[in-house]
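Novice: sequence isn't available, so here's the structure alone:
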DNA sequence: TACATTAATATGTAGGTACATATTCTTGTC
DNA sequence: GACAAGAATATGTACCTACATATTAATGTA
């Protein structure tokens, strides 16, 4: 007797989630420790641990060594955004991709970029302005700053043919990434660059990346009118 | 000799990432199987597995049973967005939160909402329009549709005091969530509701949630001018 | 009481074994 | 050669043990 069937960690996760949903444990409450739950569910501690890791990752609970597991007080909608390389995004939609280098020069970082990196003083960086096109229509305009200290080779890359976006992604994978999304009104400059009507609403993505503590790049990508970012999860 | 120190899964992960970065294994290439790598790194297969799970989660590699592990052909910037309950977001910024119910009525879903849920026919749902305020200034306006079949109790909730956002988050956690982000030009209606100047750029978040296959809610949240969504990771 | 030191404890991780599961590959049949 | 059935195999999971690590709780000292 006591036929102990094997429980999958997903079953256990759903059971624990169930306890939270039916208010057995409310926001801010402390859950029993893993070992106790394992005993109760009739599974190994490692299985409870696996389940808990998933719940923690999805923002349902918070775990701290010795502190135990608590139900998150402030529920969040957690979504994973995948921002692909622009070329692939364009090609996936069935358009022909093209890329145009607008300008490229070494300049001192302006305050906005300093803020993104957390600099207190301006630094000389490579500024690259480029346009991504889909079937020859403007798709995304990017204004990018690249650290010359972290990425010295960039000066010897021909950015008219090779695109900075892809070169960096393939050669300087980041370990940390900040992302800022907002809406901006189109200016006269956007009108020419993105064929946007002046005053039209544009979607902006600012992305700053580091490898450990070393700054790699910070870019401001302005999408064409009507652009949408979509995720499923 | 052969002092076999213990390797952490993060070390192993970084080593494997290193092999990808230095082009030992390029995009689309197949990595050695876990056991082989474990032998090579001098650790247990479970440690390699742990490392690989992390790399797969971060979109670096793809894993398939029997198929093995391959380096992802199309690198992505993967970011986790945490969209908190609006009240908490407002309070965290140090403002006083208030909520105002604008309208509430049962209506047939319009095409946009049908598309979000994947309906082919209109359905009667509860439509709730509400305004979130920060220090009495408009913060986010939400136009929400709630399924009467999945959430029948909602009709007996007093949404003038309890806010639909929080009630749902606490009472109907979702298992699936679609998210759509874009920019929109302010209309005359926004001018009154969000104190936006006509023509100003507004940030819009559309969120649709299900519990398994059952639709819960679909909402279109329009933020006040200047709103930014920010993530670190 | 205030503060530093030490003990206690819950989660995190490494290693190992056994088996499950999903594919791919191989082989057999027509 | 086409297709189906079965074998082979890489990843996934469950359970276990032993430590590691981060914090909290308890204790001792001034």
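Specialist: Thanks, I have the structure now. Nothing here was measured: the structure is a model prediction, and the numbers come from that model.
Novice: contact residues of chain A facing DNA strand D?
Specialist: A:4, A:6-11, A:43-47, A:50, A:64-67 (CB under 7 Å from any atom of the strand). Heads up, the C-betas are built off the backbone N, CA and C, glycines and all.
Novice: stretch A:68-88: how far from the chain's middle?
Specialist: Centroid separation for stretch A:68-88 versus its chain: 9 Å, with CA atoms, centre = their mean, to the nearest Å.
Novice: how long is it end to end?
Specialist: 44 Å (CA to CA, to the nearest Å).
Novice: could you confirm whether that stretch reaches DNA strand C?
Specialist: Yes. Contact check for stretch A:68-88 against DNA strand C, using CB under 7 Å from any atom of the strand: residues in range are A:68, A:69.
Novice: ok, now which ones touch the closest residue to DNA strand D within chain A?
Specialist: Nearest residue of chain A to DNA strand D, counting by CB to the nearest atom of the strand: residue A:8, 2.5 Å away. Under the criterion of CB atoms under 8 Å, 6 or more residues apart in numbering or on different chains, the neighbours of residue A:8 are residue A:47.
Novice: can you list the domain ranges for chain A.
Specialist: Using automatic domain parsing, the domains assigned to chain A come out as A:9-71, A:86-223.
Novice: roughly how far does the residue in chain A positioned nearest to DNA strand C sit from residue A:39?
Specialist: Distance from DNA strand C to each residue of chain A (CB to the nearest atom of the strand) is smallest for residue A:33, at 3.1 Å. Applying CB to CB, to the nearest Å, the value for residue A:33 to residue A:39 is 10 Å.
Novice: sticking with residue A:140, tell me its helix or strand.
Specialist: Assigned by DSSP states H and E, residue A:140 belongs to strand A:137-147.
Novice: next, the buried residues of that strand.
Specialist: A:138, A:139, A:140, A:141, A:142, A:143, A:144, A:145, A:146, A:147 (16 or more other CB atoms under 10 Å in any protein chain shown).
Novice: please identify which of those residues is nearest to residue A:27.
Specialist: Set against residue A:27, the nearest of these by CB to CB is residue A:140 (40.2 Å).
Novice: so that closest one sits against residue A:223, correct?
Specialist: Yes. At 5.1 Å, residue A:140 and residue A:223 qualify as touching, with contact defined as CB atoms under 8 Å.
Novice: and the domains of chain A: which comes nearest residue B:176?
Specialist: Closest to residue B:176 of the domains of chain A, according to CB to CB: domain A:9-71, at 12.2 Å.
Novice: hmm, that closest one in reach of chain B?
Specialist: Yes. Domain A:9-71 comes into contact with chain B (CB under 8 Å from any CB of the partner chain), by way of A:17, A:21, A:27, A:59.
Novice: distance between the ends of that domain?
Specialist: Using CA to CA, one end of domain A:9-71 lies 18 Å from the other.
Novice: what average pLDDT does that domain get?
Specialist: On average, the pLDDT along domain A:9-71 is 94.
Novice: and for residue A:11, the neighbour number?
Specialist: Residue A:11: 14 surrounding residues under other CB atoms under 10 Å in any protein chain shown.
Novice: host element of it?
Specialist: Secondary structure assignment for residue A:11, by DSSP H and E: helix A:9-21.
Novice: repeat that for residue A:128.
Specialist: Here residue A:128 sits within strand A:124-134, counting by DSSP H and E.
Novice: check whether stretch A:214-222 comes near chain B.
Specialist: No. Stretch A:214-222 is not in contact with chain B by CB under 8 Å from any CB; minimum separation 9.9 Å.
Novice: outside of that stretch, which residues touch it?
Specialist: Stretch A:214-222 is contacted from outside by A:112-113, A:116-117, A:140-147, A:149-151, A:164, A:168, A:172, A:174, A:184, A:190, A:194, A:202-210, using CB under 8 Å, 6+ apart.
Novice: try 6 Å this time
Specialist: Applying CB atoms under 6 Å, 6 or more residues apart in numbering or on different chains, the contact partners of stretch A:214-222 are A:113, A:116-117, A:140-147, A:150, A:168, A:172, A:174, A:202, A:204-210.
Novice: ramachandran angles for residue A:44?
Specialist: phi -80, psi 160 (degrees, to the nearest 10).
Novice: just give the nearest non-adjacent residue to it, would you?
Specialist: residue A:38 (6.0 Å; CB to CB, 6 or more residues apart in numbering or on different chains).
Novice: quick one: contacts for the closest residue to residue A:164 other than its chain neighbours?
Specialist: Spatially, and ignoring its direct neighbours in sequence, residue A:164 is nearest to residue A:128 (4.9 Å; CB to CB, 6+ apart). By CB under 6 Å, 6+ apart, the residues touching residue A:128 are A:104, A:144, A:159, A:164.
Novice: give me the distance between the third one and residue B:69.
Specialist: What that stands for is residue A:159. 33 Å.
Novice: which of the two has more neighbours?
Specialist: Between residue A:159 and residue B:69, counting by other CB under 10 Å, residue B:69 is the more crowded of the two (22 against 19).
Novice: and that one, that's in a helix?
Specialist: No. With DSSP: H, G, I helix; E, B strand; the rest coil as the criterion, residue B:69 is located in strand rather than a helix.
Novice: need the pLDDT of residue A:173.
Specialist: Residue A:173 is given a pLDDT of 77.
Novice: for the one 3 residues further on, same thing?
Specialist: Residue A:176 is assigned a pLDDT of 83 by the prediction.
Novice: just residue A:83 next, same as before
Specialist: Residue A:83 is assigned a predicted lDDT (pLDDT) of 89.
Novice: helix or strand for it, which one?
Specialist: Under DSSP H and E, the secondary-structure element containing residue A:83 is strand A:76-84.
Novice: so that strand versus strand B:76-84, what angle?
Specialist: Regarding strand A:76-84 and strand B:76-84, their directions subtend 160 degrees when assessed with axes from the mean of the first three to the mean of the last three CA atoms, to 10 degrees.
Novice: give me the contact status of strand A:76-84 with chain B.
Specialist: Yes. Shown here: strand A:76-84 in contact with chain B (CB under 6 Å from any CB of the partner chain) through A:76, A:77, A:78, A:79, A:80, A:81, A:82, A:83, A:84.
Novice: mind listing what residue A:71 touches?
Specialist: The contact partners of residue A:71, by CB under 6 Å, 6+ apart, come to A:20, A:25, A:27, A:29, A:61.
Novice: format the domains of chain A as a markdown table; extra columns: distance to residue B:99.
Specialist: Output for those, formatted as a markdown table (distance: least, CB to CB, whole Å):
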| stretch | distance to residue B:99 |
| --- | --- |
| domain A:9-71 | 19 |
| domain A:86-223 | 23 |
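Novice: residue A:188: neighbour count?
Specialist: By other CB under 10 Å, 8 other residues sit near residue A:188.
Novice: no, scratch that, I was asking about residue A:135
Specialist: Residue A:135, neighbours per other CB under 10 Å, totals 12.
Novice: isn't it right next to residue A:95, touching?
Specialist: Yes. With contact defined as CB atoms under 6 Å, residue A:135 reaches residue A:95; the gap is 4.5 Å.
Novice: of the residues of domain A:9-71 next to chain B - the most surrounded one?
Specialist: Going by other CB under 10 Å, residue A:17 tops these with 18 neighbours.
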